[in-house]
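> A predicted structure for the sequence below; I have some questions about it.
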Amino acid sequence: MRIAKLVVSVLACTLGASAHAGVIDLTSIIGGANLYAIHDFTAPSSDVEGAVVAGGNVTVSSYSINANNRPAFDNYAAIVGGNLSVNGGSINHGGVYVGGTTTMQSAATPTALPTNPVDFAATEQYYKTLTQTIAGLDATGAVNPLWSGVKVSGSGTGGVEVFNVSSDLFRTSSSWTLEKLTPGQTLIFNISGDIGTFNEGGISFEPLSAYNVLFNFYEAKNVNVKGVIGSVLAPYATVNANWGVINGTVIVDTWNSTIQVNSNHYFQNVDVPGFTLPPGGDPLGEVPEPGSLALVCAGLIAAGLAYRRKAA
């Protein structure tokens, strides 16, 4: 019986680690926040329905944060590495951590939390590594122009689909055509180009609402995203467009925008064949380095063999 249990432990050790190695995890490092800005977060109006995390200053007016009670790390409505300035509006359903000063005008002062759960330097590096690693995945499908819109063609296998596409193709599209895709699938769009001018054509993203969608702007320095259903990963980019909506998780370098961010269609972690962060690229520390893991597993095997010899 003890040997059987040990064998199960060894299998869990080896198989469990390999399974985690392929997981794209977009939000654990920020506690499930709705929006993360590596540097400053500025908005003269609008709202983020979930939690906000920013490594720099947060400066907002006539603004609501976390109205839908989706806190980060269970009880943080906002985590601010620099100064927090609020002129009108509210921070709801949780406390805040502020690394600098807090100024509240025409707004209730939220509960101050003393501990910062985010390592901002490690988190920045994580997202910059993540975006490039995802961009290196082999494409499984294709995106092509179709009349005034785009046609997204999957592989038909029902797994995670990866598409490589230029931001120019999405810039003025007015319609989607989906084929060889099944609702519930994960769709990853690796979008090239320094300027992610996205959806000038006012395309409805409703056809993507049944999918787990990630738009990976791995090169963009500026991103203009509007009306999007799906999460946005753009750790080198500033968002400075006004008006519009994003439904999903948002990761950017700097936010200076009135775009509303809704707390739905968060990207769900997914195991992707062929995806592995490079050594040192995962500060979550959930899985030992391969060498350490091998030693642990080898130790378990050796212990099992020794016990078997003793029992014999």
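Alright, I've got the coordinates.
> doesn't residue 207 lie inside a strand?
No: under DSSP: H, G, I helix; E, B strand; the rest coil, residue 207 sits outside any strand and is assigned helix.
> how about it, what does it touch?
176, 178 (CB atoms under 8 Å, 6 or more residues apart in numbering). Every residue, glycine included, has its C-beta placed from N, CA and C.
> mean confidence for the helix or strand that contains residue 223?
Element membership for residue 223 (DSSP states H and E) is strand 222-224. For strand 222-224, the mean pLDDT works out to 90.
> same question, stretch 244-256
The pLDDT scores in stretch 244-256 average 96.
> and stretch 41-50, by the same measure?
In this model, stretch 41-50 carries a mean pLDDT of 97.
> can you list contacts of it?
32-35, 52, 54, 56-68, 70-72, 89, 254-264, 266.
> domains of the chain?
2-22+276-311, 23-271 (automatic domain parsing).
> could you tell me the least trusted of these?
Mean pLDDT per stretch puts domain 2-22+276-311 lowest among the domains of the chain, at a mean of 48.
> what's the following helix or strand past the strand holding residue 223 packed up against?
From strand 222-224 onward toward the C-terminus, using DSSP H and E, the following helix or strand is strand 228-229. Secondary-structure packing of strand 228-229 (3 or more CB pairs under 8 Å, 6 or more residues apart in numbering; DSSP states H and E): strand 245-247.
> picking that back up, could you list the buried residues of the strand holding residue 223?
Buried residues in strand 222-224, counting neighbours by 16 or more other CB atoms under 10 Å, are found at 222, 223, 224.
> go on, stretch 189-200?
Going by neighbour count (16+ other CB under 10 Å), the buried part of stretch 189-200 is 189, 190, 191, 192, 193, 195, 196, 197, 198, 199.
> one more: stretch 200-208?
Under 16+ other CB under 10 Å, the buried positions of stretch 200-208 are 203, 205, 208.
> which one among those gets closest to residue 179?
Checking the buried residues of stretch 200-208 against residue 179 by CB to CB gives residue 208 as the nearest, at 13.6 Å.
> now for that closest one: which residues touch it?
Counting by CB under 8 Å, 6+ apart, residue 208 makes contact with 176, 187, 229, 230.
> now swap in residue 76 and tell me
31, 51, 53, 94, 95, 96, 97, 113, 117.
> partner residues bridging it?
Applying DSSP bridges to residue 76 gives these bridge partners: residue 72, residue 95.
> chain neighbours aside, what residue packs nearest to residue 43?
Nearest residue to residue 43 in three dimensions, chain neighbours excluded: residue 60, at 4.8 Å (CB to CB, 6 or more residues apart in numbering).
> same question for residue 224.
What sits nearest to residue 224 in space, not counting adjacent residues and going by CB to CB, 6+ apart, is residue 241, at 4.0 Å.
> I'd say residue 223 and residue 237 touch.
Yes: if you go by CB atoms under 8 Å, residue 223 and residue 237 touch, sitting 4.3 Å apart.
> pull up the overlap in contacts between these two.
Common contact partners of residue 223 and residue 237 (CB under 8 Å, 6+ apart): 196, 217, 252.
> for those residues, which one is nearest residue 162?
For the shared contacts of residue 223 and residue 237, the nearest to residue 162 is residue 217 (14.8 Å; CB to CB).
> pretty sure the residue nearest to residue 224 sits against residue 255.
No: Residue 241 lies out of contact with residue 255 (CB under 8 Å); the separation is 10.5 Å.
> more neighbours, those two?
In this view residue 241 and residue 255 are compared by other CB atoms under 10 Å, and residue 255 has more residues nearby, 26 against 18.
> now do the contacts for the more buried one.
Applying CB under 8 Å, 6+ apart to residue 255 gives the contacts 35, 37, 40, 41, 42, 43, 54, 238, 239.
> which residues touch residue 190?
134, 135, 137, 139, 162, 163, 164, 165, 216, 218.
> in TSV, list the buried residues of strand 222-224 along with distance to residue 122.
Listed next are the buried residues of strand 222-224 as TSV, based on distance: CB to CB, whole Å:
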residue	distance to residue 122
222	25
223	23
224	29
